[in-house]
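Asks: below are the sequence and a predicted model for it; my questions follow.
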Amino acid sequence: MDYHEHHVKHRGEDAFGLVVLVVSVLLLWKSYTIAGFSALSSPGAFPMAASAVMVFSASLVVIGNARRRGRLSGEEILPRTVVLFTALVIAYAAALVPLGFLPASFLFLILAMKLLYRASWLRSLIIALASLALVYIVFRLVFQVVLPQGIVPEDEILAMFRHHPAPEAP
Amino acid sequence: MTEALSYFTTAWFDPWLLFLIAAGTFAGIYIGAIPGLSVTMAVSILISFTFSWDVNDALCLMVGIFMGGVYGGSRTAILLNIPGAPSAIATALDGYPLAQRGEAGEAIGISTVMSFFGGMVGIALLAIGAPIISDFALTFQPRDYMLLAILGILLVGSLSGESLAKGVVAGAFGMLIGTVGLDPLTAEERFTFGFTELWNGISFVAVMIGLFGVAEALGQLRQLELPAIKQKITRIVPSWASLRRYLPLSLQTSMIGVIIGALPGVGGDIAALMAYDYAKRTVRDPEVPFGKGAREGLVAPESANNAAVGGAFIPMLTLGIPGDAVTAIFIGALFIHGLNPGPMLMIEQPHMFWFMVGNLVLACVFMLIFGLTGIRIFTKIVEIPKGILIPLILLLSVVGAYAVNNSVTDVYWMLGFGVLGYFMKQYGYQVGPVILGVILARLIDENWRRAIISEQEHLGSFFANMFASPLSLVLFAAVVLTVLSQTPVLGWIRRLFRRA
């Protein structure tokens, strides 16, 4: 399709194109196993058509990449910040249920802001607390979104504010 | 008629709904203006927070965000030369030079009033056009819907990125994600790999937040600095004389905006660029040349991109086909709230249609009010460092993905799609077609099967009947032309003709 002769190649662009092609071939095979060529209206017909189109255009991309003799760009595709930050987000997701929304988010915000904003601990702490309070008020209290409680006995604390003491366990 | 009017004004006399529209528009302006936050991001995260709400409340908020967000990008375009949203790219061309000359206030004023005007034209045409189109749409055959949906994915793929091939890869991938789970007609498993957890499919909200929230935020980690605003802001409300002067141009470019917005696959960003180009070609003697701070260069794109909002609602509400990524997410929201956009919406639930038209008008009015005030606070808010903004976006994305089903699995799906989207963006694959594919997969699948069953599984008669129907033929030709326009084939034909 349109191949830019002057285009600068990104690092790993060829490999990514190949991975996409391999995945699309696997998806084509997987959609063939749904119903084979039994009928044009079978549940597998549309997935097969869609994955065949994907295989076809992914091969065009791979061929285009191979033909293009672009200069390799010196730009880093995965800078250290992105890797570190992604790892931090995954850790946050994993901690969300066991620790609960408030402590997990607080730790995440502090560490993330320290990593990206590079302010002093005190400043990061204040910003993290303030923004967490805002998010909590808007989403938990106004929008009534259910969030994992974890180790903080949120319901009891909220109930205290509402002057309805939590019922005692029998 | 009186019924329509009463639906139209439902939100006008309800203080809570009024508040939601105002809050949505206000938030939309800032989301659109802050580089790093986008309307697609905001609406996709918001869906997860509002899905348990009453339909009316959720729609009011989202309509406001949509309208405000399309406009909001113009402010940062004028003040910082950074379009806060893609629809403001054309605005920066003349807006920033104007601000450099010390006329930032006037530039903001003109773009606000013209956005209001364009928005109103778009809504008027929506109110007139949608009932007609939806009557017409009742004659659509299943194959026509299928062709329209394919056309939409192709257009998003070809117009928004560097190559059609990559756009098609993304669109096809999206369609496959959309088919994961039990087949709605036969309950056969598709792409479940033996996991019962996948029977209900992959939550499209998780896919959306991943692709538009996380991937976008990760991409922005690459450039964390943002220049500070140093513009002086003077008079904001533009003079009556200057408004009267630009009104004809605004009306013309609004029409361009509505038409472009109504085409499946293209939205406000393309409309704004085309309107700018139109103004450049038709305005004979601008006071200042285009690109150096011509007011016409602000009027045209700003009228067009807000007019495109009304335009984009036309295919969304009458055909159930989204115009672009934002409307695709909007359709997702309507599905979640049990509404089924399409020709039957106008017949079965006309109140929803007029309710939305009324809300759009309100959002437009609020946009005018907020647009002409609060510039000083604005300059402070836009300066929030990305190092603070990005962790907050991620926090909201994680919480949003969790909130839909109270499940951490959805959060992992979201993160997975976020990382995938990051790489896709780095290598020039657009993420817009993925979401269009996810939303439209079911429509294409069902309509294809309906169409081919009605032809007794005979491919020959499917094509014969398609070529016998003028509408199907036009749609088919549009699909073929879209593909051909991106290949060298058209060039060969042109050369052949030149030689002959």
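Replies: Looks like it came in fine. Numbers count the residues shown, from 1 in each chain, chains lettered A, B, ... in the order given.
Asks: now the residue nearest to residue B:409 when sequence neighbours are not counted, what's its secondary structure?
Replies: Once flanking residues are discounted, residue B:409 sits nearest to residue B:197: 6.8 Å by CB to CB, 6 or more residues apart in numbering or on different chains. For glycine as for every other residue, the C-beta is placed from the backbone atoms N, C-alpha and C. Here residue B:197 is helix, with the state taken from DSSP: H, G, I helix; E, B strand; the rest coil.
Asks: how many neighbours does residue B:197 have?
Replies: If you count neighbours by other CB atoms under 10 Å in any protein chain shown, residue B:197 ends up with 9.
Asks: ok, it to residue B:162 distance?
Replies: From residue B:197 across to residue B:162, the span is 36 Å (CB to CB, to the nearest Å).
Asks: try residue A:108
Replies: Look at residue A:108 and residue B:162: by CB to CB, they are 35 Å apart.
Asks: comparing those two, which shows the higher neighbour count?
Replies: Just comparing residue A:108 and residue B:162: by other CB under 10 Å the higher neighbour count belongs to residue A:108, 24 against 15.
Asks: report the central residue of chain B.
Replies: The centre of chain B sits closest to residue B:326, judged by CA atoms, centre = their mean, with a distance of 3.3 Å.
Asks: is it within a helix or a strand, and which one?
Replies: Take DSSP states H and E as the rule and residue B:326 turns out to sit in helix B:325-336.
Asks: residue in the stretch 1-150 of chain B with the shortest distance to chain A?
Replies: residue B:49 (5.0 Å; CB to the nearest CB).
Asks: which stretch of helix or strand covers that residue?
Replies: helix B:39-50.
Asks: which elements pack onto the helix or strand following that helix?
Replies: Tracing the chain past helix B:39-50, the next element assigned as helix or strand by DSSP H and E is helix B:55-80. Here helix B:55-80 touches helix B:15-33, helix B:39-50, helix B:89-100, helix B:104-137, helix B:296-319, helix B:325-336, helix B:350-371, helix B:375-382, going by 3 or more CB pairs under 8 Å, 6 or more residues apart in numbering or on different chains; DSSP states H and E.
Asks: buried ones in helix B:55-80?
Replies: Buried residues in helix B:55-80, counted by 16 or more other CB atoms under 10 Å in any protein chain shown: B:55-56, B:58-80.
Asks: quick one, it and helix B:15-33 angle?
Replies: If you take axes from the mean of the first three to the mean of the last three CA atoms, to 10 degrees, helix B:55-80 sits at 30 degrees to helix B:15-33.
Asks: circling back to that earlier point, now do the helix holding residue B:49: everything it contacts.
Replies: A:139, A:143, A:145, B:27-28, B:31-32, B:57-58, B:61-62, B:65-66, B:69-70, B:85, B:205, B:208-209, B:212-213, B:216, B:325-326, B:329-330, B:332-333, B:336, B:393, B:396-397, B:400-401, B:403-404 (CB atoms under 8 Å, 6 or more residues apart in numbering or on different chains).
Asks: buried ones among those?
Replies: Using 16+ other CB under 10 Å, the buried members of these are A:139, A:145, B:27-28, B:31-32, B:58, B:61-62, B:65-66, B:69-70, B:85, B:205, B:208-209, B:212-213, B:216, B:325-326, B:329-330, B:332-333, B:336, B:393, B:396-397, B:400-401, B:403-404.
Asks: where does the prediction get shaky in the stretch 51-200 of chain B?
Replies: B:159-161 (pLDDT under 70).
Asks: run the last query once more with 90
Replies: For the stretch 51-200 of chain B, the stretches with pLDDT under 90 are B:51-59, B:62, B:66, B:69-108, B:130-165, B:167, B:181-200.
Asks: who in it is up against chain A?
Replies: Within the stretch 51-200 of chain B, the positions lying close to chain A (CB under 8 Å from any CB of the partner chain) are B:52, B:162-166, B:168-169, B:172-173, B:175-176, B:179, B:183, B:185-186, B:188-191.
Asks: can you do 10 Å?
Replies: B:51-53, B:146, B:150, B:157-158, B:162-180, B:182-191, B:193 (CB under 10 Å from any CB of the partner chain).
Asks: how about the one helix or strand in chain A whose mean pLDDT sits lowest: buried residues?
Replies: Least confident helix or strand, chain A: helix A:154-161 with a mean of 75, by mean pLDDT, DSSP states H and E. Across helix A:154-161, burial judged by 16+ other CB under 10 Å covers residue A:154.
Asks: how about stretch B:446-463?
Replies: B:446-452, B:455, B:462.
Asks: okay, the residue of chain A found nearest chain B: pLDDT?
Replies: Using CB to the nearest CB, the closest approach of chain A to chain B is made by residue A:117 at 3.0 Å. With respect to pLDDT, residue A:117 has a value of 82.
Asks: which residue ranges of chain A form strands?
Replies: Read by DSSP state E, chain A holds no strands at all.
Asks: go ahead and confirm residue B:406 touches residue B:51.
Replies: No. Between residue B:406 and residue B:51 there is no contact under CB atoms under 10 Å: 11.8 Å.
Asks: give me the common contacts of those two.
Replies: Taking CB atoms under 10 Å, 6 or more residues apart in numbering or on different chains as the contact criterion, the residues that touch both residue B:406 and residue B:51 are residue A:145.
Asks: which residues touch the residue nearest to the centre of chain B?
Replies: With CB under 10 Å, 6+ apart, residue B:326 has these contacts: B:38-40, B:42-44, B:62, B:65-66, B:69-70, B:85, B:87, B:212, B:267-268, B:309, B:312, B:316, B:432, B:435.
Asks: burial count for residue B:182?
Replies: Residues near residue B:182, counting by other CB under 10 Å: 17.
Asks: please name the bridge partners of it.
Replies: When bridges are called by DSSP bridges, residue B:182 pairs up with residue B:189.
Asks: what sits against it?
Replies: A:43, B:188-190, B:192, B:196, B:198-201.
Asks: look up how far residue B:414 lies from it.
Replies: Residue B:182 is 22 Å from residue B:414, by CB to CB.
Asks: next: residue B:180.
Replies: From residue B:180 to residue B:414 the distance is 15 Å (CB to CB).
Asks: what do you get for residue B:34?
Replies: Counting by CB to CB, the gap from residue B:34 to residue B:414 is 22 Å.
Asks: and for residue A:112?
Replies: 17 Å.
Asks: domain map for chain A?
Replies: A:13-67, A:80-161 (automatic domain parsing).
Asks: looking at the ones you listed, which is buried most?
Replies: Of all the domains of chain A, domain A:13-67 carries the top mean neighbour count, a mean of 19, counting by mean count of other CB atoms under 10 Å in any protein chain shown.
Asks: any idea how far apart the tips of that one sit?
Replies: 13 Å (CA to CA, to the nearest Å).
Asks: next one: it to chain centre, how far?
Replies: 24 Å (CA atoms, centre = their mean, to the nearest Å).
Asks: hang on, the earlier thing: average pLDDT for the helix holding residue B:326?
Replies: 82.
Asks: run through who's touching stretch B:125-132.
Replies: B:4, B:8, B:133, B:137, B:254-255, B:257-259, B:261-262, B:307, B:309-319, B:343, B:345-347, B:350, B:353-354, B:356-358, B:360-361.
Asks: buried among the residues you listed? Make that a ChimeraX selection.
Replies: Only the buried entries of the contacts of stretch B:125-132 go into this ChimeraX selection, using 16+ other CB under 10 Å:
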select /B:4,8,133,137,254,255,257,258,259,261,262,307,309,310,311,312,313,314,315,316,317,318,319,343,345,346,353,354,356,357,358,360,361
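Asks: just checking, residue A:111 touches residue B:394?
Replies: No. Assessed by CB under 10 Å, residue A:111 is found out of contact with residue B:394, at 11.6 Å.
Asks: overlap in contacts of these two?
Replies: A:85, A:88, A:92.
Asks: so which of those reach chain B?
Replies: A:85, A:88, A:92.
Asks: returning to that earlier point: for the helix holding residue B:49, what is the distance to the chain centroid?
Replies: 13 Å.
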